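Novice: here is the input, now give the coordinates:
(4 chains)
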Protein chains: 2
Amino acid sequence: MFDLIKDKFPHLKDKWDDFVSYYHRVEVPAKTVLFKEGEISQKAWLIEKGCLRAWFNNNGKDVTFQFFFENEAVSGAESFRKKIPGFFTVETIEPSILHWIHKKDLDKIMSDMDQIPEMKNNMLDIAFERQYHYMKHFLSFIKDTPEQRYLNLLKEKPHIVQRVPQQYIATYLGITPVSLSRIRNRLAR
Amino acid sequence: MFDLIKDKFPHLKDKWDDFVSYYHRVEVPAKTVLFKEGEISQKAWLIEKGCLRAWFNNNGKDVTFQFFFENEAVSGAESFRKKIPGFFTVETIEPSILHWIHKKDLDKIMSDMDQIPEMKNNMLDIAFERQYHYMKHFLSFIKDTPEQRYLNLLKEKPHIVQRVPQQYIATYLGITPVSLSRIRNRLAR
DNA sequence: GTGATTTCTTAACAAAAGATAATTTGCTAT
DNA sequence: ATAGCAAATTATCTTTTGTTAAGAAATCAC
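Specialist: Residues are numbered from 1 along each chain as shown, chains lettered A, B, ... in the order given. Presented below is the predicted three-dimensional model:
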């Protein structure tokens, strides 16, 4: 599970082994809530196997805004810099194998890493990656119709369409499940 | 103009003065193009006075996706990490006073700054800031109607509504100018 | 396997948005 | 001041989405 990252910085092996020892492996069924909207989460998660969604309540309806898959990390405050307490809920979509770590252990490790310049560069890369991701996502909303957006998703992230229930995809695209069903029907012929 | 940033890092004054000396001040009328979609821009810009928009061509119609005001910086590749060559055009909306710098000079300065840890932290902060900004913007598309989005803009960024022509605001909100006019009409009574 | 629950589809209607064009308003330059 | 141009509004029509509800299909629990 953690080998990917270890391979990236082989000379930091000791620090890394230390890091890994803080993690706990768990297997959970589908629809398990990892942390709830409104609560300040004490854990951060890594996904070994399975798939999650982040969603929030918008006037009584739940709106999914992000999906997570294997080898991705999830924490309550989307970026560890900006400490916005969780305005969203994260739960499993499929039965999953996860690794969690106490927030305070992670914080300690993070401040250690802050001393390592190459780690900082790595964090910068991740930050820019996310910025780019959100920007592209937002651009698709101002330039494409919902139908185009669905076609783009099919093309660029087919695993989402394959593994995620339609109702979650619908709100992710900014439309209702009924409307997504109609779009699919329209496209089918 | 540059004092804000100088105040932030007083002990880097020399480096900063050096930095500033590379800049050139210009006054330009409204609708001046700073760099064009498709071209690789050789300049980066700082705004002393005025207001700009970034837009791209989407099937023959121009779509505005970002506004810039006093004390903000603009370059062809939205993030200096990810070197995506300009897929967009930047032009002035109002007559403006700008400061530009050659890309290669900026690159040199940037790699110098890369050595200074606190500058790196500053860049991390900016990156997270932008990530957060784009995320919030994208969230407003999946949770709000165009009308709500316009009301939010009025409330949270009234300066945009005050200084920017309506047609640009419309595409920024993901709707047509005609539709925005109708929304305003609807809200007026 | 079978019943129960959830998810997806379809239908009918209302509300909103896109497209196009005509009209009005506002701004700029001379 | 006024002619000319660009921006905003209004009107008409078409298309799409939202909403609600009902029915079909798929999934889950036992």
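Novice: which bits of chain A sit near DNA strand D?
Specialist: A:30, A:145-147, A:174-176, A:178-179, A:182-183 (Cβ under 7 Å from any atom of the strand). In this view, the C-beta of every residue, glycine as well, is placed from N, C-alpha and C.
Novice: pick the one among the residues you listed closest to B:Phe128.
Specialist: Relative to B:Phe128, the closest of the residues of chain A next to DNA strand D is A:Gly174; by Cβ to Cβ it sits at 24.4 Å.
Novice: for that closest one, which three-state class applies?
Specialist: Under DSSP: H, G, I helix; E, B strand; the rest coil, A:Gly174 falls in the coil class.
Novice: which parts of stretch A:27-46 are buried?
Specialist: A:28, A:32, A:34-35, A:37, A:41, A:43-46 (16 or more other Cβ atoms under 10 Å in any protein chain shown).
Novice: run a quick neighbour tally on the closest residue to A:Ala127 other than its chain neighbours.
Specialist: Spatially, and ignoring its direct neighbours in sequence, A:Ala127 is nearest to B:Ala127 (3.9 Å; Cβ to Cβ, 6 or more residues apart in numbering or on different chains). Neighbour count for B:Ala127, taken as other Cβ atoms under 10 Å in any protein chain shown: 24.
Novice: helix or strand next in line after the helix or strand of chain A with the lowest mean pLDDT, which one?
Specialist: Ranking every helix and strand in chain A by mean pLDDT, DSSP states H and E puts helix A:3-8 at the bottom, with a mean of 58. The helix or strand immediately downstream of helix A:3-8 is helix A:13-21, counting by DSSP states H and E.
Novice: and that following helix, what does it pack against?
Specialist: helix A:3-8, helix A:103-113 (3 or more Cβ pairs under 8 Å, 6 or more residues apart in numbering or on different chains; DSSP states H and E).
Novice: least confident of the buried residues of stretch A:27-46?
Specialist: Lowest-confidence member of the buried residues of stretch A:27-46: A:Ser41, scoring 78 (pLDDT).
Novice: surely that residue touches A:Phe35?
Specialist: Yes: counting by Cβ atoms under 8 Å, A:Ser41 does reach A:Phe35; the two are 3.8 Å apart.
Novice: report the set of residues contacting both of these two.
Specialist: Contact criterion Cβ atoms under 8 Å, 6 or more residues apart in numbering or on different chains; residues shared by A:Ser41 and A:Phe35: A:76, A:86.
Novice: now name the helix or strand holding the residue of chain A found nearest DNA strand D.
Specialist: Scanning chain A for the residue nearest DNA strand D gives A:Ser179, at 3.1 Å (criterion: Cβ to the nearest atom of the strand). When elements are assigned from DSSP H and E, A:Ser179 belongs to helix A:177-188.
Novice: now do stretch A:27-43: everything it contacts.
Specialist: Against stretch A:27-43 from outside (Cβ under 8 Å, 6+ apart): A:45, A:52, A:56-57, A:74-77, A:85-98, A:100-104.
Novice: surely A:Arg186 touches A:Glu147?
Specialist: Yes: using Cβ under 8 Å, A:Arg186 is in contact with A:Glu147, at 7.3 Å.
Novice: neighbour count: these two, which is higher?
Specialist: When neighbours are counted by other Cβ under 10 Å, A:Glu147 comes out ahead of the other of A:Arg186 and A:Glu147, with 17 against 9.
Novice: what's the closest of the buried residues of stretch A:27-46 to chain B?
Specialist: A:Glu37 (13.5 Å; Cβ to the nearest Cβ).
Novice: strands of chain A, residue ranges please.
Specialist: Along chain A, counting by DSSP state E, strands occupy A:24-28, A:33-35, A:43-49, A:52-58, A:61-68, A:73-74, A:89-92, A:96-102.
Novice: return the residues in contact with A:Tyr23.
Specialist: A:2, A:46, A:99-101.
Novice: just the buried subset of those, please.
Specialist: A:46, A:99-101.
Novice: turn those residues into CSV, including distance to B:Ser140.
Specialist: CSV is the format used below for those (distance: Cβ to Cβ, whole Å):
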residue, distance to B:Ser140
A:Leu46, 30
A:His99, 33
A:Trp100, 31
A:Ile101, 32
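Novice: just to check, A:His137 is in contact with B:Phe138?
Specialist: Yes: look at A:His137 against B:Phe138 with Cβ under 8 Å: they come within range, at 5.1 Å.
Novice: any idea of the pLDDT on the residue most central in space within chain A?
Specialist: With distances taken as Cα atoms, centre = their mean, A:Phe68 lies nearest the centre of chain A, 3.8 Å away. Looking at A:Phe68, its pLDDT is 96.
Novice: same check on A:Cys51?
Specialist: So A:Cys51 comes in at 96 (pLDDT).
Novice: for it, what are its contacts?
Specialist: A:67-70, A:92-94, A:96, A:163-164.
Novice: cool, thanks, signing off.
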